[in-house]
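Asks: Generate coordinates for the sequence data below:
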Amino acid sequence: MFDKSDGEKSFPAVTNFMKSLFTRKSNGVNIDNPTTSSRSVDKIGGSLALIQHSRPPNLPAKDRNEENSHRKQHDAIIQEIKRREIIEEQNKEKKRLERLKEEEILAADLKLWTNYVIPNFDNLKNTKEIQNLWWKGLPTAIRGHIWKLGISNNLNLNSKIYDECLNKMANNDTNEILTAIKLDVSRTFPTLCVFQHGGPLFESLNKILAAYCIIYNPEIGYVQGMSFIGAILNLNMEPCDVFICFANLLNNPCHKAAFTLNQNKMNIYYKIFSDLFSINLPRLYLHFITTGLTPDFYLLEWLYTIYAKAMPLDVVCRIWDLFIRDGDEFLFRTALGVLNLYQEKLLLMDFVRSAQFLIKLPNDLDSNALFDSIHRININIGDFTFQQMVLNNS
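Replies: Have a look, this model is predicted:
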């Protein structure tokens with residue numbers, strides 16, 4: 001059995017050290033002595049208790065000038081800490097008020113969309129008031145509903161056609177395309193953990209893509225990138241609506257050209273983009289020409305996935321809001337907006353770094369900063385609109 005007195009005899013240095021830690025004298029008074037008058041001991045609250053106001057007894061005492069100097073330094077440090085804490089609290093309060101204001105605006109916008117716009121969508125969608133409201137981004141609660149209204153169902157699809165495609169798929173579960181679809185779906189938005197095997201939307205997205213690619217439109221089949229378009233829709237609406245919107249989006253001229261691998265048609269879009277690029281951002285345009293970075297190295301990826309793979313999800317959804325409002329031209333306007341936003345960084349990069357940067361943009365990409373940049377882009381050349389340029393070059 002270990003005895004305390006044995007320990008003190010065996011380890012005198014340790015014993016003395018421990019005593020020095022827990023016993024301190026101030027003006028010759030033992031602080032640990034409960035009979036000591038409290039008036040003779042400096043009482044310091046909080047973290048300041050960790051700061052010794054006088055030297056330990058085994059060191060020479062400070063002279064008056066040195067002690068005054070150290071006290072001033074100590075007081076200055078404390079004041080700076082307090083100042084920073086006040087600023088930090090002010091910033092927290094400012095952010096809290098900003099969040100409250102944003103929530104109030106979102107609630108008001110949601111009410112306006114729900115009670116006023118949606119019941120009169122066809123009559124109001126092109127008015128200046130609603131166009132400006134739309135630019136701010138759609139409220140999450142009604143985003144899918146507005147997308148369904150905004151995507152024209154030119155293919156006249158309905159739930160009956162979707163169910164028929166699903167029934168035919170039930171007898172076609174060995175198709176090789178299914179393997180490719182399942183692999184791609186499992187790699188779609190991995191951080192969300194909803195499209196991976198066992199996730200709540202894994203089966204849903206697989207069925208939608210298979211119904212479209214294998215049964216409804218086997219001529220196109222499955223192309224990488226489709227899973228991201230389907231996933232964005234699937235996060236915002238029911239499976240049947242996803243199928244209808246997905247099919248109609250891929251029937252738009254630009255995506256139809258991209259997914260059917262129509263190189264001649266895509267070259268027209270590349271040419272128009274390059275012309276707009278040279279007019280809006282001449283310095284960066286020349287830099288890309290010098291480094292050999294052509295639009296097919298980054299623009300095609302953006303178009304294939306409608307930016308879903310390149311940007312944070314919240315920014316992507318806002319881009320989709322305006323893409324559904326304005327059509328294909330907004331995708332090209334967005335591309336130029338991205339290049340404009342990061343122009344100074346890109347001017348310092350070579351071919352490889354630029355391509356890597358553009359394929360996967362920074363996670364801290366700010367939606368408002370991007371849309372301010374997009375707003376400064378001119379999508380017309382002279383009197384010709386984007387759509388007129390497409391028609392003239394076709």
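Asks: Now do the domain split for the chain, please.
Replies: 4-62, 74-136, 141-393 (automatic domain parsing).
Asks: in the stretch 101-250 of the chain, which spans are helices?
Replies: Using DSSP state H, counting those that start in this stretch, the helices of the stretch 101-250 of the chain run over 121-124, 128-135, 140-150, 159-170, 176-186, 202-210, 226-234, 239-249.
Asks: Of those, which is nearest residue 71?
Replies: Distance to residue 71, taken as C-beta to C-beta, is lowest for helix 140-150 among these, at 56.1 Å. For every residue, glycine as well, the C-beta is placed using N, CA and C.
Asks: Show me which residues of that closest one are buried.
Replies: 142-148, 150 (16 or more other C-beta atoms under 10 Å).
Asks: List the contacts of it.
Replies: By C-beta atoms under 8 Å, 6 or more residues apart in numbering, the residues outside helix 140-150 that reach it are 110, 113-114, 118, 121, 125, 138, 233, 236-237, 241, 244-245, 317, 320-321, 324-325.
Asks: ok, back up a step: most tightly surrounded among the domains of the chain?
Replies: Of the domains of the chain, the one with the most neighbours on average (mean count of other C-beta atoms under 10 Å) is domain 141-393, at a mean of 17.
Asks: starting at the chain centroid, how far to that domain?
Replies: 17 Å (C-alpha atoms, centre = their mean, to the nearest Å).
Asks: gap between the two ends of it?
Replies: 40 Å (C-alpha to C-alpha, to the nearest Å).
Asks: Give the rounded mean pLDDT of that domain.
Replies: Per-region confidence: domain 141-393 scores 95 on mean pLDDT.
Asks: any chance you could read off phi and psi for the residue nearest the centre of the chain?
Replies: The residue lying closest to the centre of the chain (C-alpha atoms, centre = their mean) is residue 312, at 2.9 Å. For residue 312, the backbone dihedrals are phi -60, psi 150 (criterion: degrees, to the nearest 10).
Asks: quick one: it from residue 370, how far?
Replies: Distance of residue 312 to residue 370, computed by C-beta to C-beta, to the nearest Å: 10 Å.
Asks: now swap in residue 349 and tell me
Replies: Counting by C-beta to C-beta, the gap from residue 349 to residue 370 is 19 Å.
Asks: mind checking pLDDT for residue 30?
Replies: At residue 30, the pLDDT recorded in the model is 48.
Asks: show me what contacts the residue nearest to the centre of the chain?
Replies: Neighbouring residues of residue 312 by C-beta under 8 Å, 6+ apart: 363, 365.
Asks: One more: residue 152?
Replies: Applying C-beta under 8 Å, 6+ apart, the residues near residue 152 are residue 248.
Asks: Would you confirm that residue 347 contacts residue 287?
Replies: Yes: between residue 347 and residue 287 a contact is recorded at 5.5 Å, counting by C-beta atoms under 8 Å.
Asks: Touching both of these two, which residues are there?
Replies: Counting by C-beta under 8 Å, 6+ apart, residue 347 and residue 287 have no shared contacts at all.
Asks: so how many other residues sit close to residue 64?
Replies: Using other C-beta atoms under 10 Å, the number of residues around residue 64 comes to 8.
Asks: So what does it look like in phi/psi?
Replies: Per degrees, to the nearest 10, the backbone of residue 64 is at phi -60, psi -40.
Asks: what's the pLDDT at it?
Replies: For residue 64, pLDDT reads 81.
Asks: any idea how far it lies from residue 70?
Replies: Residue 64 is 11 Å from residue 70, by C-beta to C-beta.
Asks: repeat for residue 183
Replies: Residue 183 is 67 Å from residue 70, by C-beta to C-beta.
Asks: same thing with residue 97?
Replies: 41 Å.
Asks: What of residue 220?
Replies: Distance from residue 220 to residue 70, by C-beta to C-beta: 78 Å.
Asks: same question, residue 169
Replies: The value you get for residue 169 to residue 70, if C-beta to C-beta is used, is 80 Å.
Asks: try residue 107
Replies: Taken as C-beta to C-beta, the span from residue 107 to residue 70 is 55 Å.
Asks: now residue 137
Replies: Applying C-beta to C-beta, the value for residue 137 to residue 70 is 56 Å.
Asks: what about those two, which has more around it?
Replies: The residue with more neighbours, out of residue 137 and residue 70, is residue 137; 21 against 13, by other C-beta under 10 Å.
Asks: you'd agree that one is up against residue 320?
Replies: No: Residue 137 lies out of contact with residue 320 (C-beta under 8 Å); the separation is 9.8 Å.
Asks: which residues do these two both contact?
Replies: Common contacts of residue 137 and residue 320 (C-beta under 8 Å, 6+ apart): none found.
Asks: residue contacts, residue 230?
Replies: Applying C-beta under 8 Å, 6+ apart, the residues near residue 230 are 205, 208-209, 242, 246.
Asks: give me that answer again for 6 Å
Replies: Applying C-beta atoms under 6 Å, 6 or more residues apart in numbering to residue 230 gives the contacts 205, 208-209, 246.
Asks: now residue 247
Replies: Applying C-beta under 6 Å, 6+ apart, the residues near residue 247 are 155, 157, 212.
Asks: Would you check how far apart it and residue 165 are?
Replies: 10 Å.
Asks: Equivalent analysis for residue 357, please.
Replies: Relative to residue 165, residue 357 is positioned 40 Å away (C-beta to C-beta).
Asks: One more: residue 72?
Replies: Taking C-beta to C-beta, one finds residue 72 at 80 Å from residue 165.
Asks: With residue 102 instead?
Replies: Distance from residue 102 to residue 165, by C-beta to C-beta: 41 Å.
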